[in-house]
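Trainee: return atomic coordinates for the entry below.
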Amino acid sequence: MSSPKDEFRVLSWNIEHNGVDKDGSTARWDLAMDVLDAVQPHVLLRQELTRADRDGQSMVWNEARRLGHHFPFLATATSESANPTGVYVDYEVCQPTNHYEHGTNLWHPVCNPVVLIKGTTQALSLGSFHLCSWDPATRAREAKRLTTLGKPGMAAIIGGDGNSYPHRLNDRTPLPDWSEVEDRSHFEHRTIVRDGKRVSDTVAHEILCGEHAGHPPVFVDLAHHAATGPLGQETALDPTASLWKTNQGSRQRIDWVLATPQVAGCLISLKVVVNDDVIAASDHPPVLATFSLSALQRVLSPEAAGARVHQSSAPAGPADGYAYSTTGGAEEGIAS
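Mentor: Coordinates of the predicted model:
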């Protein structure tokens, strides 16, 4: 068992419309900040930072102040969605080195800062994603884009709202019984045609976390890892959304925290946080992944193997690969 000082906490949370109601009330946002204060995450992966780009990003900086010593990163809102993603990092533990945004043909751009955890020399890529709520094909394209953060040699933790379902049949939560779902548009948004039948959309999760031909996945689903591996934490597979809606079937595990395999091996616990304040604050509960800090420091110190590290986080293009030396500095445009 690790002590709190040997913990690195990453929390992903979709806070409905950034905790702001139509009448302008921020009571839900205040409740959400109380929840976060109790957890004190070192990395916060946020979705639905609704209209947080306004007024000089004042709400983003207010949230950073409430969190304590955190630096915020905000992706761009789009003309059709005012719900950007964001990432907050504890600068006493994480030194930001780069910030990228992945947005081409995505419904919500991915916020992707890169950091060095104290005591490490290999960069860790962080990503907050919010997959498309209404189109399975767009979600598949977004998942493909996210796989660029898990190229060989890279280390990454990403999290967000998948708006679709885990692909493994042994997941704790059964897939929706669509005959019981009253919301017809939800059925169109969340199902695909497979073998001539309409079934739940699991494609994005399979792209991100599926194993093929005996090879490991690009990302490890940390909930599945915690529940089915030596950690034995079955509640890691608890469903997430929706905490509010009743016309879309049973609650489903659509909020995920994922990591590249070497990082996943440092996991201590995975928890879906549900309490009265969470239920009042948002229709999604936060998902908290806790890692051993000392284990991460060992994994993210490749100089022990005498190797250079390649961290490819920039948007796809002719120079999308950046080589990182063991001191964490980016060298000029070395294409991967």
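
Trainee: how about the helices of this structure, start to end?
Mentor: For the chain, the helices defined by DSSP state H cover 27-39, 58-67, 136-146, 184-190, 203-209, 222-228, 261-264, 276-281, 293-299.

Trainee: just checking, what packs against the fifth one?
Mentor: Just to be clear, that refers to helix 203-209. helix 136-146, strand 220-221, strand 255-259 (3 or more C-beta pairs under 8 Å, 6 or more residues apart in numbering; DSSP states H and E). C-betas here are computed from N, CA, C, even on glycine.

Trainee: now swap in the second one and tell me
Mentor: Helix 58-67 sits against helix 27-39, strand 70-74, strand 86-90, with contacts defined as 3+ C-beta pairs under 8 Å, 6+ apart.

Trainee: could you redo the helices of the chain as CSV and give each row mean pLDDT, mean neighbour count and distance to P176?
Mentor: Shown next, in CSV, are those (pLDDT from 0 to 100; neighbours: other C-beta atoms under 10 Å; distance: least, C-beta to C-beta, whole Å):
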stretch, mean pLDDT, mean neighbour count, distance to P176
helix 27-39, 97, 17, 27
helix 58-67, 96, 18, 33
helix 136-146, 98, 20, 14
helix 184-190, 97, 16, 7
helix 203-209, 98, 23, 14
helix 222-228, 96, 24, 18
helix 261-264, 98, 20, 27
helix 276-281, 98, 16, 21
helix 293-299, 97, 19, 36
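
Trainee: would you list those helices in TSV and tack on distance to Y88?
Mentor: As requested, the helices of the chain are arranged in TSV below (distance: least, C-beta to C-beta, whole Å):
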stretch	distance to Y88
helix 27-39	9
helix 58-67	6
helix 136-146	20
helix 184-190	29
helix 203-209	23
helix 222-228	19
helix 261-264	19
helix 276-281	17
helix 293-299	18
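
Trainee: about what we covered before: possible to save the helices and strands packed on helix 203-209 as TSV with distance to P72?
Mentor: Listed next are those as TSV, based on distance: least, C-beta to C-beta, whole Å:
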stretch	distance to P72
helix 136-146	21
strand 220-221	27
strand 255-259	19
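
Trainee: for D255, which non-adjacent residue is spatially closest?
Mentor: T240 (4.1 Å; C-beta to C-beta, 6 or more residues apart in numbering).

Trainee: L300 contacts S125, doesn't it?
Mentor: No. L300 is not in contact with S125 according to C-beta atoms under 8 Å; the separation is 11.1 Å.

Trainee: looking at these two, which has the bigger crowd around it?
Mentor: S125 (24 against 20; other C-beta atoms under 10 Å).

Trainee: what bridges to the more buried one?
Mentor: Counting by DSSP bridges, S125 is bridged to V114, A156.

Trainee: contact partners for it?
Mentor: Shown in contact with S125 (C-beta atoms under 8 Å, 6 or more residues apart in numbering): 112, 114, 149, 154-158, 311, 313.

Trainee: overlap in contacts, L300 and S125.
Mentor: Common contacts of L300 and S125 (C-beta under 8 Å, 6+ apart): A155.

Trainee: before we move on, back to that, can you tell which of the helices and strands packed on helix 58-67 is closest to G19?
Mentor: Across the helices and strands packed on helix 58-67, G19 has its closest neighbour in helix 27-39 (2.9 Å, C-beta to C-beta).

Trainee: so that closest one versus strand 86-90, what angle?
Mentor: 40 degrees (axes from the mean of the first three to the mean of the last three C-alpha atoms, to 10 degrees).
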